[in-house]
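**Q** Would you be able to build a 3D model of this:
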Amino acid sequence: MTSSLKLDRLDLRILSQLQKNGRITNVDLAEAVGLSPSPCLIRVKRLEQAGYIAGYGAQLRLEKLGDTLTVFTEVTLSDHHREDFVRFEAAIRGVDEILECHLVSGGYDYLLKFTTRGVNHYQALIEDLLERNIGIEKYFSFIVIKSPFIKTHYPIERLFPTNP
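**A** Predicted structure coming up:
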């Protein structure tokens, strides 16, 4: 993989468009970013090979499948040695209902995002984690009541502005 690939504004536009619609045709993508199809496809392949594009997938609407519960959980570990963090992260990596794990600064160590069937399912998961003795000292749960919006794309061109 090429990690030293220099991205220009066209590459950023391509990434921005692809994250919004991974199924866009090359012709439509080329038109959206101001390129002809052949150079556009070459750039997409280069971005894929360099690892900027991790993959393509469908964004699901869980509410169409049934009721779910989203819970953000603050976790504080009892000890703070390197091996404590490694052990905790390895243990929770295999929990499918944990969609995000962030090591954070502040009053606790990790912020986790769970998606479960409901409160009982969430509680069973937490109890299982506590029984595993993976270093959890305390946790606080925040049940999501409503999510007015969830963005599934990054503002690429605003985060990484380039000169025209």
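
**Q** and Thr73, that one's in a helix?
**A** No - per DSSP: H, G, I helix; E, B strand; the rest coil, Thr73 lies outside any helix segment and is strand.

**Q** Now it. Nearest residue, chain neighbours left out?
**A** Nearest residue to Thr73 in three dimensions, chain neighbours excluded: Leu112, at 4.5 Å (Cβ to Cβ, 6 or more residues apart in numbering). In short, each C-beta sits where N, CA and C put it, glycine included.

**Q** His80 now?
**A** Asp109 (7.5 Å).

**Q** residue farthest from the centroid of the protein?
**A** Largest separation from the mean C-alpha position in the chain: Ser36, at 31.4 Å (Cα atoms, centre = their mean).

**Q** Name the SS class of the residue nearest the centre of the chain, please.
**A** Nearest to the geometric centre of the chain sits Glu100, at 6.5 Å (Cα atoms, centre = their mean). Using three-state DSSP, the structure places Glu100 in strand.

**Q** chain center to the helix or strand where the residue nearest to Thr73 lies: distance?
**A** For Leu112, the host element (DSSP states H and E) is strand 110-116. In terms of Cα atoms, centre = their mean, to the nearest Å, the centre of strand 110-116 is set 12 Å apart from its chain centre.

**Q** Strands along this structure, start to end?
**A** 69-77, 98-103, 110-116, 136-143 (DSSP state E).

**Q** Tell me which of those sits nearest to Arg9.
**A** Nearest to Arg9 among the strands of the chain is strand 98-103; the distance by Cβ to Cβ comes to 29.9 Å.

**Q** and the closest one, how far from the chain's centre?
**A** The chain centre lies 9 Å from the centre of strand 98-103; the measure is Cα atoms, centre = their mean.

**Q** Equivalent analysis for stretch 82-91, please.
**A** Its chain's C-alpha centre lies 20 Å from the corresponding centre of stretch 82-91 when counted by Cα atoms, centre = their mean.

**Q** Could you list the low-confidence segments of the protein?
**A** Applying pLDDT under 70 to the chain flags residues 1-4, 163-164.

**Q** how does it look with 50?
**A** Judged by pLDDT under 50, the chain has its weakly predicted residues at 1-2.

**Q** how much space between the residue nearest to the centre of the chain and Phe140?
**A** For Glu100, the distance to Phe140 (Cβ to Cβ, to the nearest Å) stands at 16 Å.

**Q** how about the helices in this structure?
**A** For the chain, the helices defined by DSSP state H occupy 9-20, 26-33, 37-49, 62-65, 82-93, 119-131, 156-159.

**Q** and the closest residue to Arg13 other than its chain neighbours, how many neighbours does it have?
**A** Spatial nearest neighbour of Arg13, excluding adjacent residues (Cβ to Cβ, 6+ apart): Val33 at 4.1 Å. Neighbour count of Val33, defined by other Cβ atoms under 10 Å: 20.
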